[in-house]
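> Would you be able to build a 3D model of this:
(one chain, ligands or ions: 1)
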Amino acid sequence: MSRLIKICGLSTEESIDVAIDAGASHIGLVHFEKSPRHVDLPRAAQLRQYAAGRIKTVLLLVNADPRLTAEAYQQIQPDIIQFHGTETPEWLALVHKAIPAELWKALGVQGPQTLQRSLDYDDAVDRILYDAPAVALPGGTGTSFDWGLISGFDHQIPWALAGGLNLDNIITALMQTNAPMVDISSGVESEPGKKDMDKIRQFCQAVHSFDKEQNSD
Ligand SMILES: O=C(O)c1ccccc1NCC(=O)[C@H](O)[C@H](O)COP(=O)(O)O
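Sure, this is the predicted structure:
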């Protein structure tokens, strides 16, 4: 198994090059003004263009209205849109009909009820991203949730693990959840919004080494 890795909250060409070189599969561009990782639409379009054909680009939106959702898609043409607010399955099903991109839904895991609720999204989106519950921000908080809630859950569609991952806990997280995809933002930063190139490299290396060891068993 070759696990997917998303490095989220990128805002520079250099960080995109490093993510690609380190073997990440996806980059995330956050379009949410309250975030320290916010990129406006023209800058997001530039970065997406820069990454195109080399790594998949995920655009993050939080409770964006239909007009902004359509405008963002048209300007940026991301491979994937990740919805990180309180978007409903019904609304996302409509978006799916209108926009020819993959759609992901992030859910803040508060307990077993969140896992149950995730099933409501199965027909509306292409992947569920399990994250820590929102605190000051809906995502990119650097906090984790109880991974035991995920372990053994019968996922019906592709999924990813996010929330407070870092170099110190990634192996434990993988052993506990066997997540097919991991997503990281704060854990590869030197300060909020500033990516640390070495940490990106080390994080990807740790995930790849874990895969290699597991595949050789
Ligand atoms: O990263 C942000 O600032 C952000 C703001 C608003 C909504 C979502 C956001 N990030 C979403 C992500 O996919 C993050 O990678 C995910 O929440 C994990 O973040 P972290 O705990 O910092 O690794």
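
> Arg127: what's it in contact with?
Residues in contact with Arg127, defined by CB atoms under 8 Å, 6 or more residues apart in numbering, are Ile80, Glu102, Trp104, Lys105, Ile157, Pro158, Trp159, Ala160, Met181. The C-beta positions use only the backbone N, C-alpha and C, and glycine is treated the same way.

> buried set for the longest helix along the chain?
Looking across the chain with DSSP state H, the single longest helix is helix 197-216. Neighbour counts over helix 197-216 (16 or more other CB atoms under 10 Å) mark Met197, Lys199, Ile200, Arg201, Gln202, Phe203, Cys204, Ala206, Val207, Phe210 as buried.

> That one: how far from the chain's middle?
Centre-to-centre, helix 197-216 and its host chain are 17 Å apart (CA atoms, centre = their mean, to the nearest Å).

> Contacts for that helix, please.
Here helix 197-216 has contacts from 1-3, 5, 7, 14-15, 18-19, 21-24, 165-167, 170-171, 174, 182, 184, 187-190, using CB under 8 Å, 6+ apart.

> Going through those, which ones are buried?
3, 5, 7, 15, 18-19, 22, 24, 165-166, 170, 174, 182, 184, 187-189.

> ok, now which ones touch the residue nearest the centre of the chain?
Centroid check for the chain by CA atoms, centre = their mean gives Asp183 as the closest residue, at 4.8 Å. Applying CB under 8 Å, 6+ apart, one finds that Asp183 lies in contact with Ile5, Lys6, Cys8, Gly28, Leu129, Asp131, Ala160, Leu161, Ala162, Leu165.

> so it sits in a strand?
Yes - residue state for Asp183 (DSSP: H, G, I helix; E, B strand; the rest coil) corresponds to a strand.

> So what sits opposite it in the bridge?
Asp183 has these beta-bridge partners by DSSP bridges: Lys6.

> just to revisit the earlier point, filter the contacts of Arg127 down to just the ones in strands.
Secondary structure from DSSP state E places Ile80, Glu102, Trp104, Lys105, Trp159, Ala160, Met181 of those in strands.

> tell me the contacts of the third one?
Contacts for Trp104 (CB under 8 Å, 6+ apart) come out as Val58, Ile80, Ile81, Gln82, Phe83, Val125, Asp126, Arg127, Ile128, Leu129, Ala160.

> Turn the residues you listed into a markdown table, columns for secondary structure, pLDDT and distance to Arg43.
Below are these laid out as a markdown table (DSSP: H, G, I helix; E, B strand; the rest coil; pLDDT from 0 to 100; distance: CB to CB, whole Å):
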| residue | secondary structure | pLDDT | distance to Arg43 |
| --- | --- | --- | --- |
| Val58 | strand | 98 | 16 |
| Ile80 | strand | 98 | 18 |
| Ile81 | strand | 98 | 17 |
| Gln82 | strand | 98 | 18 |
| Phe83 | strand | 98 | 20 |
| Val125 | coil | 98 | 26 |
| Asp126 | coil | 98 | 26 |
| Arg127 | strand | 98 | 25 |
| Ile128 | strand | 97 | 28 |
| Leu129 | strand | 98 | 23 |
| Ala160 | strand | 97 | 25 |
